[in-house]
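Novice: What follows is a predicted structure for the sequence shown.
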Amino acid sequence: MSSPTRSGEPQPALERKIGPLQATAINMTQMCGIGPFVTIPAMVATMGGPQAMFGWIIGAIVALADGLIWAELGAAMPGAGGTYLYLREAFQYRTGRLMPFLFVWSAVLFIPLIMSTGIIGLVQYLGYLIPGVTDDAGTTALGKIIGVGITLVIVAALFRKIGQIGKLTTVLFVVMLIAVLTTIVAAFSHFSGAQAFAFTPGAFSSAGEGTFWGGLGAGLIIAIYDYLGYNTTAYLGGEVRSPGRTIPRSILFSIVGIMSLYFLLQVGVLGSVPLEELKTATSVASTVLEQAWGSVTAKIVTVFIIVAAIGSVFAGLLGGSRVPFEAARDKVFLSMFGKLHPKLNLPTAGVLTMGAITIIGSLFTLTDVINAAVATLVVIQSLAQVAAIVTLRRRQPNLRRPYRQWLYPVPTIVALVGWVYIYVSATWLSIGLSLGWIAVGALAYLVYAKTEKTWPFGPKEIKEAFASTEPEGAQA
């Protein structure tokens, strides 16, 4: 399958091989992974006790509101790159290629940083199985070397056709479900409701840093990090069958499904592990399983958790590597990112670059990487897409929208408020680094724009690429 270039010559094109089940599996595998298994203790410590369970619910509300933005944009503009396409279409009228350039510039950083948290987390669980991988200070040199090796294996596994990847991701999805559901059952097998719902006295008062409200901002950063991934199929829009139906459904089903699993997991852990022990646990799921069914079962399921984490990183790099592909094809990013593997039809440069940054990020601490990744993502993706959906509704009212956001603009406003609150709750270092990275990206864009003689050094190119597409049935 091929598509024409500007010179009229055909070039390799992505293949639509991902169906509804595989799309939902890809999202949920990317969303879950190692996230809740390593962040539940941090969530409880940050929010001061069992009231942390409500942090997951509020995080799910923000994720669902944002997911409805992704659903409309992804269904209307199904192609490789997700946000790149939406920003390109929405902001071309005023700032030319600036916004899509800045997104790709930032995505090449924040997507692999998020994946590196999965590597850090799975190494923590390896510490339960292999002595010397972790110690009281965190991950040891041995653990970091193992993390690098696992990342290299994941990158190598991505070098296969998308049809094979879809089947592999479905298998990893099943492994993830087994790991999560087994941990939930183990937790509820020796569950204490009195312990799980023993909210800290004064937890919901309006004053004090130790209260629910005092820790909500930092807790939401953790919660939204754990929900990230519901948009993976939008990145893979060029490889999804019947995208106008599949993308919205995969986003909504994955958010509701993962929210239910997370809430049950959080409540179960709170009712089975003493609070003070929970706050400092490094492999809390293994602790729950060992208490319920002994060390042998705990070690077996810990292996499943590690495999689930590998699946999450795999799915994330799969979708993320497609982001710079479309930009490079549009000559808005380095041309090497627009080349596909001659036999496998995958963006080689995207896979290798993001794999390398994932390795670098895995050498830092979990909380530092989470804060840096989320802060960068909020500015140039989440808030920008809020503006994009509003702009496109006004600028392109005739754009074919197989899915229109329910109760618009209420979810868009909820997402805007949630993302602003999450951003200002990040550490000052993370905020400074995110703004600095975007500022450097803006300078890089000026160099690019001068070379290409595009805005602000030349005319804007207004092209409504999706406004005159064929009916959805022709895309299947």
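Specialist: Done, it's in. Note that the structure is predicted; figures quoted are calculated from it, not measured.

Novice: Which stretches in the stretch 101-250 of the chain count as helices?
Specialist: Secondary structure of the stretch 101-250 of the chain (DSSP state H, counting those that start in this stretch): helices at 141-157, 162-189, 193-196, 212-227, 232-235, 243-270.

Novice: now the strands for the protein?
Specialist: Remark: strands assigned in the chain by DSSP state E are 2-4, 10-12, 134-135, 138-139.

Novice: looking at these, which one has the lowest mean pLDDT?
Specialist: The stretch with the lowest mean pLDDT among the strands of the chain is strand 2-4, at a mean of 48.

Novice: Where does the prediction get shaky in the stretch 101-250 of the chain?
Specialist: 162-164, 166, 206-211 (pLDDT under 70).

Novice: where's residue 198 relative to residue 115, distance?
Specialist: With distances taken as C-beta to C-beta, to the nearest Å, residue 198 is found 36 Å from residue 115. Using the backbone N, CA and C atoms, a C-beta is placed for each residue, glycine as well.

Novice: And these two? Which one has more around it.
Specialist: residue 115 (29 against 15; other C-beta atoms under 10 Å).

Novice: Let me know whether that one touches residue 313 as I believe.
Specialist: Yes. The criterion here is C-beta atoms under 8 Å, and residue 115 meets it with residue 313 at 4.8 Å.

Novice: Residue 50: what's it in contact with?
Specialist: Applying C-beta atoms under 8 Å, 6 or more residues apart in numbering, one finds that residue 50 lies in contact with 44, 195-200, 270, 275.

Novice: Mind giving me the PyMOL command for buried ones among these?
Specialist: The buried subset of the contacts of residue 50, as determined by 16 or more other C-beta atoms under 10 Å, is captured in PyMOL by this line:
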select buried, resi 44+196+199+270+275
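
Novice: tell me which of the contacts of residue 50 is nearest to residue 239?
Specialist: residue 44 (38.7 Å; C-beta to C-beta).

Novice: confidence score at the residue lying closest to the closest one once chain neighbours are set aside?
Specialist: Counting by C-beta to C-beta, 6 or more residues apart in numbering, residue 44 lies nearest to residue 52, which is 4.7 Å off, once chain neighbours are set aside. Residue 52 carries a pLDDT value of 88.

Novice: can you check residue 1 too?
Specialist: pLDDT, residue 1: 43.

Novice: what's the answer for residue 470, then?
Specialist: Looking at residue 470, the pLDDT reads 48.

Novice: what's the answer for residue 31, then?
Specialist: pLDDT at residue 31 comes out at 87.

Novice: Could you do residue 432 as well?
Specialist: Reported pLDDT for residue 432: 93.

Novice: and what of residue 38?
Specialist: Confidence score, pLDDT, at residue 38: 86.

Novice: just residue 8 next, same as before
Specialist: So, for residue 8, pLDDT stands at 50.

Novice: next one: residue 314
Specialist: pLDDT at residue 314 comes out at 88.

Novice: before we move on, what about residue 281?
Specialist: We have a pLDDT of 82 for residue 281.

Novice: wait, doesn't residue 89 sit right on residue 465?
Specialist: Yes. Under the criterion of C-beta under 8 Å, residue 89 makes contact with residue 465 at 6.7 Å.

Novice: shared neighbours of these two, which are they?
Specialist: Each of residue 77 lies in contact with both residue 89 and residue 465 under the rule C-beta under 8 Å, 6+ apart.

Novice: between these two, who's got more neighbours?
Specialist: residue 89 (24 against 13).

Novice: So what does the nearest residue to residue 142 once chain neighbours are set aside look like in phi/psi?
Specialist: Leaving out its chain neighbours, the residue that sits closest to residue 142 by C-beta to C-beta, 6+ apart is residue 132, at 5.3 Å. Per-residue torsions, residue 132: phi 90, psi -10 (degrees, to the nearest 10).

Novice: Contacts only, for residue 132.
Specialist: 140, 142-143.

Novice: Narrow these to those that are buried.
Specialist: The buried subset of the contacts of residue 132 - by 16+ other C-beta under 10 Å - is 142-143.
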